[in-house]
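Asker: What follows is a protein structure lacking sequence information:
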């Protein structure tokens, strides 16, 4: 049966929330859901996943379908996320009571999303961003991890890798890197334990900015190569 996410959890365990439910958000929730069930993991067994609610062609709500079938039928069809993943359409409810926040939403939504979360996020929470992108202003650019730290007042690490969501979901061997702040190896290893599996190999390095920049620039370089290869594209 499905796990029930209690509003409170044992103080000896850390509760995890995933903010985002597209293909990458669903894959991240699936990996986390597998790892929290390991004996002695130190994590709460239920993983809350924020779902931007939408109505499917069948007339049913996406969050309801995920909770009934354990499958994101719109963004990651055919993949069982695990019965301990609970889809939550209210973003504040999704993060309340959680110690570890995993951000996997399009980068342009972060600035508008953080103010909605601020009063619901506990002061001792930790965040990690899987988002490849940056906020560009007239003054320059700001990395997403920096935005999250600034807006929510909590530390933010990153997880980056040149991976495709469908391949990770199929459990093909992939690799990624956790970037954590220098001197905070404990949190780097915590995030590694949450994400490392036999098919998703994770290492941790004390460099948030370098890790995030590499992930972001690789993504944009890949998109640029794809665009230049299109018929009629200007060189």
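Answerer: Received, thanks. The shown structure was predicted, so the numbers you read here are calculated from the model rather than taken from an experiment.

Asker: CA atoms for contacts and neighbours, from now on please.
Answerer: Fine.

Asker: Tell me where this protein has helices.
Answerer: 23-36, 62-69, 91-95, 110-117, 144-152, 165-169, 185-195, 208-228 (DSSP state H).

Asker: ok, and which of these has the densest surroundings?
Answerer: Ranked by mean neighbour count, the helices of the chain are led by helix 23-36 with a mean of 24 (mean count of other CA atoms under 10 Å).

Asker: can you list the residues that contact that one?
Answerer: Applying CA atoms under 8 Å, 6 or more residues apart in numbering, the external contacts of helix 23-36 come out as 18-20, 41-47, 49, 72, 75-76, 80-82, 84-85, 103-105, 165-166, 168-169, 193-195, 197.

Asker: next one: stretch 159-179
Answerer: Under the criterion CA under 8 Å, 6+ apart, residues 23-24, 27, 76, 79, 128-130, 132, 157-158, 188, 191-192, 198-212, 215, 218-219 lie in contact with stretch 159-179.

Asker: Check the offset of stretch 188-204 from the chain's centre.
Answerer: Relative to the centre of its chain, stretch 188-204 is centred 13 Å away, using CA atoms, centre = their mean, to the nearest Å.

Asker: Listing request: residues of this protein with sub-threshold pLDDT.
Answerer: 1-12, 218-235 (pLDDT under 70).

Asker: Adjacent strands (with direction) for the top strand by length along the chain?
Answerer: As assigned by DSSP state E, the longest strand anywhere in the chain is strand 43-50. Note on strand 43-50: by DSSP bridges, its sheet partners are strand 14-19 (parallel), strand 85-88 (parallel).

Asker: is it true that residue 125 touches residue 96?
Answerer: No. Between residue 125 and residue 96 there is no contact, the gap being 10.3 Å when judged by CA atoms under 8 Å.

Asker: what do the two both touch?
Answerer: By CA under 8 Å, 6+ apart, no residue touches both residue 125 and residue 96.

Asker: Same list (the helices of the chain) but as TSV, adding distance to residue 56.
Answerer: Formatted as TSV, the helices of the chain follow (distance: least, CA to CA, whole Å):
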stretch	distance to residue 56
helix 23-36	16
helix 62-69	6
helix 91-95	20
helix 110-117	23
helix 144-152	31
helix 165-169	21
helix 185-195	30
helix 208-228	29
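
Asker: of those, which approaches residue 14 most closely?
Answerer: helix 23-36 (9.3 Å; CA to CA).

Asker: Give me the distance from that closest one to the chain's centre.
Answerer: 8 Å.

Asker: what inclination does that helix have with respect to strand 43-50?
Answerer: 160 degrees (axes from the mean of the first three to the mean of the last three CA atoms, to 10 degrees).

Asker: mind starting the numbering at 87 from now?
Answerer: All set: I'll call the first residue 87, so the last point we hit is now helix 109-122.

Asker: and helix 109-122 with helix 271-281, angle?
Answerer: Angle of helix 109-122 versus helix 271-281, following the same axes, to 10 degrees, is 100 degrees.
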